[in-house]
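A.B. asks: Sharing a model prediction with you, sequence too.
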Amino acid sequence: MTPVSPPNETGRQSVLEARGISMSYGAVRALSNVDLSLYPGEVLGLVGDNGAGKTTLVKCLSGVHRPDSGEILVDGTVRDSLNAEQMRSLGVETVYQNLSLVDTLDVMQNFFLNRELLYRNPVARALGLLNKRQMYRATTERLRELELAVEARRSIAAVSGGQRQMIAVARAISWGNHIVMLDEPAAALGVRQSLQVLTFIRSMAERGVAVLFISHNMQHVLQVTDRIVVLRRGEKVGDLKTADASAQQIVTLITGSDLVVAGKDTKV
Ligand SMILES: Nc1ncnc2c1ncn2[C@@H]1O[C@H](COP(=O)(O)OP(=O)(O)OP(=O)(O)O)[C@@H](O)[C@H]1O
Ligand SMILES: [Mg+2]
C-alpha cells in the first residue's frame, strides 16, 4: 500500500503535492528541497526569475522529469514513479511552456491528441475508425467559444504563435477537470486573449479544479491567483496569500533585493 498523507491543519487534502523535491541537470541544480501543495478550487501562482526552476518543478509534478529526491503525491497518495501519461490519467493536465503541439497534425487532431473519439458501432470501433465528424464538430464549437478565427482542419504549423497558445490552453481547459498546470499560458497572447485565459482560469477554479499558473506578469498573477509561491534559484522563498501580498513584496522575494516596482504592469 502506498501511504496516504493526512489532510493539513486546515482540514483540506491537497490534490497535488511536492515534498522536498531536488533536481539537477548535470552540474546545474535546478530545484533544492522544494515543497508545494495545491488544493481543489484554488489558483496557485508560481513565480520566479528566468531559470528559477518553475518549469522544472511543473515537469516533476506532471511526470515528465523524475526528481533526484523528494516525493510527488496526487490526492494524498505517493506517485513517484509515474510517467506523464500515467499522471494525466490521474487528472493532471499540463500546458507546457513549449506547448507540445504536433506540427504535422491539424488543429482538430492536436485538440484530440491521445483522446481520439471512436464510433459507438462495435465493428467500426474494432477497426479503430475515428469519429472525425464528431471531433470536427466539438473542435469547431470550442474554437467558436474562444473566438478563435482558425479552421479545425488547418495544420498547426500554419497558425500564429498566439493562436497556438490559445489552442494548447483550450485543450487543457477542455480536458482538465481535476488539476491543471499552465506554464506561461499567456506569454504570446494579446490583451483580449490574455483576459480570456484569466477568465477561464477563474471559472475552472470555481468548478473545483486546482490550477497552477506560472507567469512573469505581476498584474495577471495578482488578478487571478489565491496564493503565490515564489522560487529563487531553485529554492522556495515565499508562500503567501494573494490578498495579503503586494507587487513590491513579491518582486523583493523574486529578486532577493528591494528593487522599486515601476508600475502595476510590471513584468519580472
Ligand atoms: N534541459 C535542460 N538541461 C540543462 N539545464 C536545464 C534544462 N532545463 C532547464 N535547465 C536549467 O535549470 C534551471 C531551471 O530552469 P527552468 O526552465 O526550470 O526555469 P524557469 O523558472 O522555468 O525559467 P523561465 O522563467 O525562463 O521559463 C536553469 O538554470 C536552466 O538553465
Ligand atoms: Mg520556464
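C.D. replies: Great, that's in hand. Ligands and ions are numbered 1, 2, ... in the order given.

A.B. asks: got a list of what Gly162 touches?
C.D. replies: By Cβ atoms under 8 Å, 6 or more residues apart in numbering, Gly162 lies in contact with Ala188, Leu189, Gly190, Gln193. No exception for glycine: its C-beta is placed from N, CA and C like everyone else's.

A.B. asks: same thing with Arg137?
C.D. replies: With contact set as Cβ under 8 Å, 6+ apart, Arg137 has no partners.

A.B. asks: go with 10 Å
C.D. replies: Met108, Asn131, Ala152 (Cβ atoms under 10 Å, 6 or more residues apart in numbering).

A.B. asks: just these that are near ligand 1?
C.D. replies: By Cβ under 6 Å from any ligand atom, no member of these lies near ligand 1.

A.B. asks: any idea what sits nearest the residue of the stretch 151-268 of the chain found nearest ligand 2, other than its immediate chain neighbours?
C.D. replies: Residue nearest to ligand 2 within the stretch 151-268 of the chain (Cβ to the ion): Asp183, separated by 5.9 Å. Excluding its sequence neighbours, the residue lying closest to Asp183 (Cβ to Cβ, 6 or more residues apart in numbering) is Gln97, at 4.2 Å.

A.B. asks: Next, the one you found: secondary structure please.
C.D. replies: coil (DSSP: H, G, I helix; E, B strand; the rest coil).

A.B. asks: returning to what we had before: considering the contacts of Arg137, which member attains the minimum pLDDT?
C.D. replies: On pLDDT alone, Asn131 ranks lowest of the contacts of Arg137, at 82.

A.B. asks: Would you mind listing what in this structure touches ligand 2?
C.D. replies: Taking Cβ under 5 Å from the ion as the criterion, the chain approaches ligand 2 at residues Lys54, Thr55, Gln97.

A.B. asks: By neighbours, which of the residues you listed wins?
C.D. replies: Neighbour counts for those (other Cβ atoms under 10 Å) peak at Lys54, which has 26 neighbours.
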